[in-house]
Every structure is written in structure tokens, then in C-alpha cells.
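# Quick one, structure for this:
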Amino acid sequence: MKKIILSIFAFSSILTASAQCTPSDYDFGAVEFGVFPDVASGLASGCLNEPYSQTIYFLVPTDAGALDSAYTGVPITSVTLDAITYNGGMDVSNLGLTLSCNPTNCTFNAGGQYCGTVTGIPNQVGDFPVSIDVIVSATFAGFPIPPIPFSFPGYTFSVADCANPNSVDEVEASFELGAVSPNPANQSARIPFELGVNEKVDFTLVNMVGERVLSKSMAGKRGENTMNLDVSELPAGIYLYTLQSGSKKSTRKLVVQH
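Here you go, the predicted structure:
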């Protein structure tokens with residue numbers, strides 16, 4: 001009975017948080033475009049298996065040049081909040097979270113202020129790179145143009161096991177991701193990592209706009225391991241590579257230079 005009551009309370013808390021998303025609750029001041037929280041402010045941290053809520057406010061520009069200078073002078077019709085993703089394209093539903101908006105269709109007209117709320121019960125411990133993904137509808141010379149995808153990367157969603165604070169240290173002690181070598185890399189690179197037990201690991205490589213360019217899984221063994229990475233076909237630039245096994249994960253930077 002106690003578990004049922006707690007579950008009902010948690011579910012009610014999530015519904016209440018969603019219902020409280022009011023666009024005017026945040027004041028953007030005199031600016032014409034904005035997203036809050038921004039990367040500097042960051043997302044609220046969460047606790048494993050405990051209710052979570054984060055409201056995101058949007059002040060939608062009227063000119064697409066506010067998002068990308070290549071589209072300066074192109075009038076925006078609306079912006080649709082498409083998804084909140086992590087690790088280069090995975091939906092936050094995999095972390096136990098859902099997205100709701102005001103208005104409910106998550107489509108925001110140009111020049112207006114709106115909001116969306118991410119709620120749920122986080123089911124994994126870790127630090128997750130997060131991107132806010134939108135679709136921009138615009139016109140050119142009075143005619144609609146193809147929708148423009150745009151992302152706001154650079155966020156981090158951190159989840160801790162608040163009920164067992166020592167467990168984080170124990171997890172980190174059994175998992176270590178080493179620095180890639182060479183770095184910058186040209187043709188190939190070696191990524192060392194160490195595991196406390198034999199277990200599967202998932203590797204993800206994303207570029208600096210949050211797009212996943214490579215992902216694969218491999219069986220890791222207890223102790224020292226090495227992953228060989230072919231970068232010969234990758235465009236030159238800066239990438240982030242993440243290694244994850246269960247709730248244990250770590251991210252480092254890779255530079256590709258041809």
C-alpha cells in the first residue's frame with residue numbers, strides 16, 4: 001500500500017509540474033530572442049528514481065538570422081520544439097523523461113513567448129550531454145521553404161543516486177575512460193578504458209552540434225581494454241566521444257585533423 005501511495009504521489013507531482021508551465025513566468029527583458037535556461041545556467045540536476053521537472057522558456061524570433069546568420073532576412077512563421085535528446089540523438093524518454101508544452105502541440109509562433117516542461121523519474125545515473133532540437137518553419141518571398149532543423153547543444157543533465165550517495169564513487173572507481181591517442185588523429189586512434197567487471201560497453205561519437213556520427217558496442221573485459229577507431233573518413237573537426245556501460249559513462253574530446 002505504501003508503494004502505491006508513493007507512486008500516486010509521484011505521478012501527481014509530475015502532472016502538477018506539467019500544468020504549471022506558464023510562458024510568462026520568465027522575463028527575457030528587452031531581447032528579441034532567447035532560451036532559458038541557457039547553457040550557462042544549465043539544467044536542474046535529478047535524482048535516480050525520484051520525480052524530476054525542468055521548465056524551458058522560449059522567446060521566438062521573427063527573423064531566422066537570429067538562429068543562423070545564413071538565414072538573415074528570412075521571416076520565421078513558427079518554431080516547433082521537436083525533441084529533447086542526449087548522447088547525440090537519443091530521446092530523453094530513454095532516461096524516464098517526457099516532454100510537454102504550452103501550447104500542447106509544441107509549435108510556437110514567431111514573436112511569441114512559450115514554454116515546455118521535461119518531467120519524469122530518471123532511471124539512470126550519469127552526466128548526459130543534452131540538446132534541445134527544434135524545427136523552424138519560414139518563408140522566402142512570401143512562399144514557405146522546407147523546414148529547417150536547428151539544435152541548441154551544450155547542455156548537461158546530471159543524475160545522481162541521492163539515496164545512496166556513496167554508490168557514485170564506487171561506480172566511478174570501477175570504470176575509467178582514458179585519453180585518445182594520437183590527438184589530433186588523422187587515420188586511426190586508440191581509446192583505452194578500464195572496467196571493474198566483464199561487461200558490454202557502448203561507444204558514441206558526436207560532432208560539436210550534437211549530431212551522432214558513429215556508434216557501436218563491444219564486449220569489454222575486466223581490467224584494461226583498448227578500442228581502435230578509424231577516423232580516416234571523418235571530416236576534420238572537434239568531436240566528443242562517450243563510453244557507457246549500464247549507468248557508468250564518461251566523455252572526452254577528440255580532434256580529427258587531415
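# Going along the chain, name the helices of the stretch 1-150 of the chain.
Taking DSSP state H, counting those that start in this stretch, the helices of the stretch 1-150 of the chain run over residues 2-19.
# any chance you could map the strands in it?
34-36, 46-47, 52-59, 76-86, 90-91, 97-102, 107-109, 113-120, 126-140, 143-144, 148-160 (DSSP state E, counting those that start in this stretch).
# quick one: which of those is nearest residue 246?
Residue 246 lies closest to strand 126-140 among the strands of the stretch 1-150 of the chain, at 9.3 Å (CB to CB). Glycine gets a C-beta too; all of them are placed from N, C-alpha and C.
# in stretch 82-98, what counts as buried?
Judged by neighbour count (16 or more other CB atoms under 10 Å), stretch 82-98 contains these buried residues: 82-89, 92, 95-97.
# sorry, back to before: using CSV, lay out the strands of the stretch 1-150 of the chain together with distance to residue 249 and mean pLDDT.
Below are the strands of the stretch 1-150 of the chain laid out as CSV (distance: least, CB to CB, whole Å; pLDDT from 0 to 100):
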stretch, distance to residue 249, mean pLDDT
strand 34-36, 26, 91
strand 46-47, 15, 91
strand 52-59, 18, 94
strand 76-86, 11, 94
strand 90-91, 12, 90
strand 97-102, 17, 93
strand 107-109, 32, 96
strand 113-120, 19, 94
strand 126-140, 5, 92
strand 143-144, 41, 92
strand 148-160, 11, 90
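# could you dump those strands to JSON lines with distance to residue 229?
Listed next are the strands of the stretch 1-150 of the chain as JSON lines, based on distance: least, CB to CB, whole Å:
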{"stretch": "strand 34-36", "distance to residue 229": "33"}
{"stretch": "strand 46-47", "distance to residue 229": "31"}
{"stretch": "strand 52-59", "distance to residue 229": "34"}
{"stretch": "strand 76-86", "distance to residue 229": "21"}
{"stretch": "strand 90-91", "distance to residue 229": "20"}
{"stretch": "strand 97-102", "distance to residue 229": "30"}
{"stretch": "strand 107-109", "distance to residue 229": "40"}
{"stretch": "strand 113-120", "distance to residue 229": "32"}
{"stretch": "strand 126-140", "distance to residue 229": "18"}
{"stretch": "strand 143-144", "distance to residue 229": "42"}
{"stretch": "strand 148-160", "distance to residue 229": "22"}
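# Residue 175 is nearest to which of those strands?
Comparing those by CB to CB, strand 126-140 comes nearest, at 10.4 Å.
# tell me the angle that closest one makes with strand 113-120.
Between the axes of strand 126-140 and strand 113-120, defined by axes from the mean of the first three to the mean of the last three CA atoms, to 10 degrees, the angle is 150 degrees.
# now for strand 126-140, which elements pack on it?
Counting contacts by 3 or more CB pairs under 8 Å, 6 or more residues apart in numbering; DSSP states H and E, strand 126-140 packs against strand 76-86, strand 148-160, strand 237-245, strand 248-256.
# What ranges in this structure fall below the confidence cut-off?
Regions of the chain meeting the criterion pLDDT under 70 cover residues 1-20, 165-174.
# What are the structural domain limits within the chain?
Domain assignment for the chain by automatic domain parsing gives 20-160, 174-256.
# quick one: contacts for residue 140?
Neighbouring residues of residue 140 by CB atoms under 8 Å, 6 or more residues apart in numbering: residue 74.
# now what about stretch 251-258, what contacts it?
Outside of stretch 251-258, the residues within contact range by CB under 8 Å, 6+ apart are 127, 129, 177, 179-180, 183-186, 189, 205, 231, 234-242.
# Tell me how far the nearest residue to residue 239 once chain neighbours are set aside lies from residue 241.
Setting aside the residues directly before and after it, residue 239 is nearest to residue 254 in space (CB to CB, 6 or more residues apart in numbering), at 4.6 Å. Here the criterion is CB to CB, to the nearest Å. By it, residue 254 lies 5 Å from residue 241.
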